[in-house]
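Enquirer: Just a sequence and a predicted model for now, questions to come.
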Amino acid sequence: TALGGIQTCGHVDVARSQLFRSLVYRGLRSSGLVRTIQNSCLSGAGPLYPSCCLSYFVTTPATKYATLEYVSSIADKGDSLDIHLQHSAFMMQRLLDWNVRVLLVNVVPFDPTGSHGRVAKSLAASARSLGVPVLSLEYEENTTLWRDLTQLNGLGHAVVGERAVKLFRGMPPPARRRSTSADARYREEARRSCVSPSAWAVLPKLAAKLPKCNGTSYEYKDKDVAAVDGR
């Protein structure tokens, strides 16, 4: 499942077959690791909405691998930046609960104010605390990988796709784990966050445009416990 924003969705100048999400899918399929791909990108929306509606954006138990790419989608969120960072961590934790191999993809565009770099560091810290690998690519690393100051070109997508496939292939199978009191606390924190005033300043507007999820995420607790316990 490809979760993310501007880079995952891609630009009209880059063919869909050349996007890193497509390259990751083909690389994993060639190894017999996946059969289909679920494109769950939302350009510019940030991780709050998919986090609060994750069972819509991620098909379980079919999903075995997931990429998360949200640096650019979070960096422009202003007053709501913190809640989007929080929900990036919630998403990673929940996917791990569902025995999904997760990869955080931090693509940092031209960054004169440092805002994207700060978001990338926060996301990476959350990922590493959960044992989630991080793939990073910055504009300054190689400007020939970018079509402009904000979006990757075909070569940039190829580099990200190749690195992602290599990281996924090297990941051990996720360990089955039982739900703990700490897991229950984070799920309740996530649920409360999804119905908080700061979330509802954003969620209804998104829900009006996107189908099948109003952002309340009351499925959090029951579905997660069932997935973790194997019922």
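Expert: Sure, I can see it.

Enquirer: okay, CA-based contacts and neighbour counts for the rest of this
Expert: Fine.

Enquirer: Can you identify each of the helices in the protein by residue range?
Expert: 6-9, 20-30, 48-52, 54-57, 71-75, 81-97, 115-129, 154-169, 181-194, 197-200, 203-209, 220-229 (DSSP state H).

Enquirer: so what's L130 up against?
Expert: L130 makes contacts with M92, Q93, as judged by C-alpha atoms under 8 Å, 6 or more residues apart in numbering.

Enquirer: how about it, phi and psi?
Expert: L130 adopts backbone torsions of phi -100, psi 0, taken as degrees, to the nearest 10.

Enquirer: And the pLDDT for it?
Expert: On the pLDDT scale, L130 is placed at 91.

Enquirer: Identify the single longest strand in the protein, thanks.
Expert: Secondary structure assigned by DSSP state E gives strand 101-108 as the longest strand of the chain.

Enquirer: Strand partners (parallel or antiparallel) of it?
Expert: Strand 101-108 has its sheet partners listed here by DSSP bridges as strand 65-69 (parallel), strand 134-138 (parallel).

Enquirer: Let's see it as PDB, backbone CA atoms only.
Expert: Extracted C-alpha coordinates of strand 101-108, given in PDB (Å, rounded to 0.1, in the frame of the first residue of the first chain):
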ATOM      1  CA  ARG A 101       6.400  -4.200   6.900                       C
ATOM      2  CA  VAL A 102       6.600  -0.400   7.000                       C
ATOM      3  CA  LEU A 103       9.000   2.000   5.300                       C
ATOM      4  CA  LEU A 104       9.100   5.700   6.000                       C
ATOM      5  CA  VAL A 105      10.100   7.600   2.800                       C
ATOM      6  CA  ASN A 106      11.400  11.100   3.600                       C
ATOM      7  CA  VAL A 107      11.800  13.100   0.400                       C
ATOM      8  CA  VAL A 108      13.000  16.600   1.200                       C
END
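
Enquirer: Average the pLDDT values over that strand and round to the nearest integer.
Expert: 97.

Enquirer: And that strand, how far out from the chain middle?
Expert: In terms of C-alpha atoms, centre = their mean, to the nearest Å, the centre of strand 101-108 is found 7 Å from the chain centre.

Enquirer: how big is the angle separating it from helix 81-97?
Expert: Counting by axes from the mean of the first three to the mean of the last three C-alpha atoms, to 10 degrees, strand 101-108 points 150 degrees away from the direction of helix 81-97.

Enquirer: any idea of the angle strand 101-108 forms with helix 154-169?
Expert: 150 degrees.

Enquirer: buried stuff in strand 101-108?
Expert: R101, V102, L103, L104, V105, N106, V107, V108 (16 or more other C-alpha atoms under 10 Å).

Enquirer: got it, and stretch 51-67?
Expert: Neighbour counts over stretch 51-67 (16+ other C-alpha under 10 Å) mark 51-55, 57-58, 60, 63-67 as buried.
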